[in-house]
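Engineer: Pasting a predicted model and its sequence here:
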Amino acid sequence: MQTVSDELRQWVDAQWPHLQLNDFTVRPGLRGVGHQAPEWQPLPGDAGFRRYFRLASEPPLLAVFSPPQTEPNEVFLKLSRHLRHHGVLTPAVAAVDLERGFFLLEDLGHTLLLQELRAEGADGIAGIAIAEGLYAEVLHCLLRLQQCPVEGLDLPPYNRDRLRVEMNLFCEWFVPRLLGYQPNAGELRMLDRWFSQLEDSALEQPQVLVHRDFHSRNLIYRADGPPGVIDFQDAVVGPVTYDLVSLLRDCYIRWPQEQVKRWALSYAEVAQQAGVLPQVEESQFLRWFDWMGLQRHIKVLGIFARLSLRDQKHGYLNDLPLVIDYTLEVARRYEEGEEFVAWFEEKLLPLVREQPWWNARK
């Protein structure tokens with residue numbers, strides 16, 4: 001019985017003589033053996049259901065199986081072309097079969113931004129000077145993304161319902177299923193009030209094209225050009241600070257609080273000059289930034305718990321301590337967050353401290 005990878009391989013072989021490479025970033029001649037594609041190597045999966053295979057070709061290509069039952073493949077195609085047209089480097093498409101969810105895509109590189117941000121030093125993280133240069137390129141890329149027009153894309157709005165559905169993952173997966181705690185009616189009312197305030201903050205911000213997962217594992221480092229952007233198929237129209245806080249309070253790498261603040265305010269200044277962001281007080285922008293990060297990290301606690309419990313992707317549990325730290329540290333800065341923090345510290349932290357993923361933290 002044929003597997004999906006067997007079918008994908010046969011499809012790639014059939015497409016090989018007819019590939020369209022006109023839009024590729026690098027366009028040397030395609031080298032293969034006759035009409036058969038070169039060897040390929042499976043790559044680790046991501047948080048979704050896609051499967052990737054890297055071909056030993058020139059230019060480099062990725063064969064992808066993206067299940068049409070679960071993945072918005074038509075949106076991916078439309079956004080890929082739109083973003084490239086407006087100066088954001090996304091993978092060019094060499095061939096596609098939407099019915100089966102098969103793609104041949106330009107391979108933008110082997111090195112994720114996260115890998116480049118990590119160094120050989122004692123703390124395993126690149127120095128601030130190195131990070132400054134890397135983030136300068138990425139923030140310029142983010143500005144281009146936020147300048148992209150959204151008319152005609154039919155992207156969903158990041159509205160109150162969507163924001164709430166995301167935060168409810170915390171209540172559905174992290175609290176009861178991962179930690180085994182059942183909130184009572186009063187605690188649920190407290191969470192409802194807190195989530196409503198976070199939603200209000202998100203909705204009052206300027207609305208732009210939002211990648212929704214703009215972080216160091218979805219950005220490809222390229223020494224000779226701008227970063228490559230991947231995993232953008234869940235884009236929406238939403239708050240201007242969402243992708244910025246996803247990047248600067250990354251769930252996979254941490255920077256000093258004051259440095260994050262400087263980067264955020266520096267981006268705000270550039271975004272104002274570019275017309276992406278209206279003139280706004282620093283304190284207001286930082287509040288938007290902080291509260292957007294709270295919405296995202298509360299959501300991520302639920303998502304990472306679900307990835308482990310439902311999808312057997314247990315590695316994401318190792319990233320929960322950083323996300324918990326972000327959530328509590330930022331919420332403590334605001335009077336509105338005091339009730340949530342007190343509840344979390346009293347009811348959830350004792351259960352968190354019993355978890356193997358918490359005790360294994362560095």
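Structural biologist: Okay, I see it.
Engineer: if I've got this straight, Lys299 is in a strand?
Structural biologist: No. In this structure, Lys299 is helix, not part of a strand, as judged by DSSP: H, G, I helix; E, B strand; the rest coil.
Engineer: correct me, but it touches Cys171?
Structural biologist: No. Under the criterion of Cβ atoms under 8 Å, Lys299 makes no contact with Cys171, lying 10.8 Å away. All C-beta spots, glycine's among them, are computed from the backbone N, C-alpha and C.
Engineer: Could you pull up the contacting residues of Leu139?
Structural biologist: 247, 263, 266-267, 270 (Cβ atoms under 8 Å, 6 or more residues apart in numbering).
Engineer: what helix or strand does it sit in?
Structural biologist: Taking DSSP states H and E as the definition, one finds Leu139 inside helix 128-147.
Engineer: Over to Arg100?
Structural biologist: Counting by DSSP H and E, Arg100 is found in no helix or strand.
Engineer: In contact with it, which residues?
Structural biologist: 7, 11, 68.
Engineer: Going by distance to Val323, which of those residues wins?
Structural biologist: Nearest to Val323 among the contacts of Arg100, counting by Cβ to Cβ, is Pro68 at 31.0 Å.
Engineer: And for the closest one, the neighbour number?
Structural biologist: Using other Cβ atoms under 10 Å, the number of residues around Pro68 comes to 15.
Engineer: quick revisit: among the contacts of Arg100, which one lies nearest to Ser57?
Structural biologist: Trp11 (15.2 Å).
Engineer: distance of that closest one from Leu61?
Structural biologist: Applying Cβ to Cβ, to the nearest Å, the value for Trp11 to Leu61 is 13 Å.
Engineer: neighbour-wise, which of these two wins?
Structural biologist: Legend: neighbour count by other Cβ under 10 Å for Trp11 and Leu61, higher for Leu61 (29 against 19).
Engineer: can you give me the strands for the stretch 101-250 of the chain?
Structural biologist: Under the criterion DSSP state E, counting those that start in this stretch, the stretch 101-250 of the chain contains strands at 102-106, 207-210, 219-220, 228-229, 236-239.
Engineer: Of all these, which one is nearest Val330?
Structural biologist: Among these, strand 236-239 comes nearest to Val330, with 15.6 Å by Cβ to Cβ.
Engineer: Flag every buried residue along the closest one.
Structural biologist: Buried residues in strand 236-239, counted by 16 or more other Cβ atoms under 10 Å: 236-239.
Engineer: Just send these back as TSV, with distance to Phe53 and pLDDT too.
Structural biologist: Shown next, in TSV, are these (distance: Cβ to Cβ, whole Å; pLDDT from 0 to 100):
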residue	distance to Phe53	pLDDT
Val236	29	98
Val237	33	98
Gly238	33	98
Pro239	36	98
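Engineer: Identify, from the residues you listed, the entry nearest to Leu191.
Structural biologist: Pro239 (20.5 Å).
Engineer: Give me the below-cutoff pLDDT ranges for the stretch 51-200 of the chain.
Structural biologist: Where the stretch 51-200 of the chain drops to pLDDT under 70, the residues are 119-124, 126.
Engineer: ranges for the helices of it?
Structural biologist: Assigned by DSSP state H, counting those that start in this stretch, the stretch 51-200 of the chain shows helices spanning 73-85, 113-117, 128-147, 160-169, 185-203.
Engineer: Same list (those helices) but as JSON lines, adding distance to Val210.
Structural biologist: Listed next are those as JSON lines, based on distance: least, Cβ to Cβ, whole Å:
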{"stretch": "helix 73-85", "distance to Val210": "12"}
{"stretch": "helix 113-117", "distance to Val210": "18"}
{"stretch": "helix 128-147", "distance to Val210": "8"}
{"stretch": "helix 160-169", "distance to Val210": "11"}
{"stretch": "helix 185-203", "distance to Val210": "10"}
